[in-house]
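J.: Fold the following for me, if possible:
(chains A and B, ligands or ions: 2)
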There are 2 protein chains.
Amino acid sequence: MHILVLGGAGMVGRKFIERLARDGELGGKTVSKVTAQDVVAAHAPAATPFIFDAVVSDMSIEGEAEVLIASRPDLIVHLAAIVSGEAEADFDKGYRINLDGTRHLFEAIRKVGGGYKPRVVFTSSIAVFGAPFHDKIEDEFFTTPLTSYGTQKAIGELLLADYSRRGFFDGVGIRLPTVCVRPGTPNKAASGFFSNIIREPLNGIDAVLPVSDQVRHWHASPRSAVGFLVHAATMDTGAIGPRRTLTMPGYSCTVAEQIEALRKVAGEGVVARIKRVPDPVIDGIVAGWPRNFNPQRALQLGFKAESSFEEIIRVHIEDELHGTFVK
Amino acid sequence: MHILVLGGAGMVGRKFIERLARDGELGGKTVSKVTAQDVVAAHAPAATPFIFDAVVSDMSIEGEAEVLIASRPDLIVHLAAIVSGEAEADFDKGYRINLDGTRHLFEAIRKVGGGYKPRVVFTSSIAVFGAPFHDKIEDEFFTTPLTSYGTQKAIGELLLADYSRRGFFDGVGIRLPTVCVRPGTPNKAASGFFSNIIREPLNGIDAVLPVSDQVRHWHASPRSAVGFLVHAATMDTGAIGPRRTLTMPGYSCTVAEQIEALRKVAGEGVVARIKRVPDPVIDGIVAGWPRNFNPQRALQLGFKAESSFEEIIRVHIEDELHGTFVK
Ligand SMILES: NC(=O)c1ccc[n+]([C@@H]2O[C@H](COP(=O)([O-])OP(=O)(O)OC[C@H]3O[C@@H](n4cnc5c(N)ncnc54)[C@H](O)[C@@H]3O)[C@@H](O)[C@H]2O)c1
Ligand SMILES: NC(=O)c1ccc[n+]([C@@H]2O[C@H](COP(=O)([O-])OP(=O)(O)OC[C@H]3O[C@@H](n4cnc5c(N)ncnc54)[C@H](O)[C@@H]3O)[C@@H](O)[C@H]2O)c1
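T.: Ligands and ions are numbered 1, 2, ... in the order given. Below is the predicted model of the structure:
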């Protein structure tokens, strides 16, 4: 099978493609080719049992999606997006990439016609929810985003459902929890500290905690995020019905519990590298974020995430640190 | 004040403009000009205390919205839409008018800048909800439309909220119940019979009831719909917060109750003109429609509808039939 990954040079895309390279197959079908499209060049994993094609293009430009779809990929994983902060800072860019880009892609698939009906996996976000909400957000809670990014993702969900209902493709939308521990270097996302306070101390580096340790949030590891993609790509969509987007499972905990888990897994010396430097701006932003979910439908449909934060830390140490860390 | 009504030649637009002509003012401000834009020419009410300008254009064509906004209307009432059946039959046309048209309008307002921040009233629909739902749909229930029309309206709601949050305009979205009794001649909408079985018999004409009389639905009169627009145009939006679209109040009843109300108001002879001719197709469509709501927020914010179906019939007789009907 031929898999097209839009935004394939990003964090989740890279890890998804690495998994495909390891498995060689998806849902029992041999993967013959992976096209990783992105505005920056995606790098091939060390060893790939399939043809790997890195396409550098901007999928929000009219006509680019047609080029990508011309070869009729069997599976399309749409990860391309600019994140919350950038979409808020640049209104036009956010709508162009996150909304128009998604719509161009869906239109390009529809226009192929002739029975072409690929599986399309779309990564939405819990940013489709806006405060006030219940402590545990249920599957039927309404989407009232408080950012342009969340608005664009919510619109993507609606389009995905309508195009699927019409039979133009077979879409599955997955609302990812905040992926933690995010590998790489600290980034400017307001949510960055959730990962920084684990990743940096394990590397022997101090990290700043800008919020109260009573802040509660919703997490899943990069390994789980890839697992969600694999399941969304291979599951029987007959069971989903017309409500095509699902809130993914995750693990809800406070920052204090994150720190306690780090202490158990890595010891006091590592925890001591977390420096508390309250930042009222970040505190304010984070106060409007969802804390917990009751993702019944996704669980029933077979999606799985971690069930403790220790597990999330251990996944990071295994997958990113070859099993070791700086004591 | 200058009021721009998009879709001003339609049923609700016409009645809204008639009310403006009667009142001469809106929210205490004298109405100096009304621009009624539509793809067909809107007719001026008999006597208008303001300048009436009928603009014939297609607001979905790029650039048309800019022309309409150039004069910086103080209030913009966006009613232009193609309805459910047509948007389902013609996918491209539905997205072009109901989605792109709305977005062009919002963009045109945003691009004026320089402190221009008009009130924008957007008419959404209970078609943003898709079965299965609770018997009484609450304000926080999620929007999972089962038609392209409902999808386009739900996207309009999201855009309205984001553009308002950003401060580009001051938007209020109102989800209209099925407006009943719809004046004019029977139309092809699947919901047409709710009005046909009242309007036609009162005119001495037989009408077909294609569904079981146990079908329950959510109604408000055209007079109430105009009242919603007036309130949405004049209310203090400080109380709405970021959740800019509200499910409007209405009256929930079964077709049997509608018929019983008609009997009370107009007598057995009129009711005898309703002919039961079951149509399984219409029955199937209607089975997926919302039946009842608990529109707490709208009620708290001062929106008002009828509290009995008799009242809805009496409004029709007063407003459309000069107080009489064919016995
Ligand atoms: N990581 C998370 O915590 C999280 C949470 C919720 C949702 N998501 C969503 O999951 C997806 C993947 O997340 P990620 O963490 O890998 O993000 P990422 O930022 O690492 O990757 C996104 C990729 O999209 C690419 N991209 C941006 N504009 C593009 C364009 N016009 N054409 C092609 N590619 C373009 C970027 O270059 C980037 O490589 C995104 O859609 C994101 O919104 C992520
Ligand atoms: N009547 C109802 O029961 C009901 C229920 C829910 C929502 N609504 C919404 O309320 C609004 C008004 O409803 P209505 O009953 O008056 O509908 P209507 O069909 O009578 O009026 C809509 C008007 O929009 C015009 N229009 C269509 N495309 C246009 C374009 N490209 N540019 C300019 N004008 C265009 C049509 O010509 C028509 O005159 C619509 O947006 C409708 O979707 C109505």
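J.: in the stretch 51-200 of chain A, what spans have low per-residue confidence?
T.: In the prediction, the stretch 51-200 of chain A carries no residues with pLDDT under 70.
J.: Can you give me the neighbour number for residue A:325?
T.: 20 (other CB atoms under 10 Å in any protein chain shown). The way it works is simple: take the backbone N, C-alpha and C, and place the C-beta from them, glycine included.
J.: ok, it - contacts?
T.: Residue A:325 sits next to A:202, A:203, A:266, A:270, A:317 when contact means CB atoms under 8 Å, 6 or more residues apart in numbering or on different chains.
J.: State the pLDDT value of the closest residue in space to it that isn't next to it in sequence.
T.: Distances taken as CB to CB, 6 or more residues apart in numbering or on different chains place residue A:202 nearest to residue A:325, at 4.0 Å, with adjacent residues excluded. On pLDDT, residue A:202 comes in at 98.
J.: ok, now which ones touch residue A:202?
T.: Each residue near residue A:202 by CB under 8 Å, 6+ apart is listed here: A:266, A:270, A:313, A:316, A:317, A:321, A:325, A:326.
J.: Likewise for residue A:256?
T.: By CB under 8 Å, 6+ apart, residue A:256 lies in contact with A:213, A:214.
J.: Now do the helix or strand where it lies: distance to the chain's middle.
T.: Assigning secondary structure by DSSP states H and E places residue A:256 in helix A:255-266. In this view, helix A:255-266 has its centroid 23 Å away from the chain centroid, taken as CA atoms, centre = their mean, to the nearest Å.
J.: Packing partners of the helix or strand that comes right after that helix?
T.: Following helix A:255-266 in sequence order, the next helix or strand is helix A:268-271 (DSSP H and E). If contacts are counted by 3 or more CB pairs under 8 Å, 6 or more residues apart in numbering or on different chains; DSSP states H and E, helix A:268-271 sits against helix A:192-202, helix A:255-266.
J.: who wins for proximity to ligand 2 among the ones you listed?
T.: Ligand 2 lies closest to helix A:192-202 among the helices and strands packed on helix A:268-271, at 42.3 Å (CB to the nearest ligand atom).
J.: Also compute the angle for the closest one relative to helix A:255-266, please.
T.: Here helix A:192-202 runs at an angle of 20 degrees relative to helix A:255-266 (axes from the mean of the first three to the mean of the last three CA atoms, to 10 degrees).
J.: what's the next helix or strand after helix A:192-202 in contact with?
T.: For helix A:192-202, the following helix or strand on the C-terminal side (DSSP H and E) is strand A:207-209. The contact list for strand A:207-209 (CB under 8 Å, 6+ apart) reads A:186, A:193, A:196-197, A:199-201, A:255, A:273-277.
J.: Now the helix or strand that strand A:207-209 is followed by - C-alpha only, PDB.
T.: Proceeding N to C from strand A:207-209, the next assigned helix or strand is strand A:216-220, under DSSP H and E. Provided in PDB are the C-alpha atoms of strand A:216-220 (Å, rounded to 0.1, in the frame of the first residue of the first chain):
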ATOM      1  CA  ARG A 216      -4.100  19.300  35.700                       C
ATOM      2  CA  HIS A 217      -3.800  18.300  32.100                       C
ATOM      3  CA  TRP A 218      -4.400  15.500  29.600                       C
ATOM      4  CA  HIS A 219      -1.400  13.600  28.200                       C
ATOM      5  CA  ALA A 220      -0.400  10.700  25.900                       C
END
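J.: other SSEs contacting the helix or strand just after strand A:216-220?
T.: Next in sequence after strand A:216-220, counting helices and strands by DSSP H and E, comes helix A:222-234. Judged by 3+ CB pairs under 8 Å, 6+ apart, helix A:222-234 is in contact with helix A:11-23, strand A:25-26, strand A:75-78, strand A:119-125, strand A:170-176, helix A:309-320.
J.: Nearest spatial neighbour of residue A:327, chain-adjacent residues omitted?
T.: Using CB to CB, 6+ apart and skipping the chain neighbours, the partner closest in space to residue A:327 is residue A:269 (5.7 Å).
J.: Alright, calling it a day.
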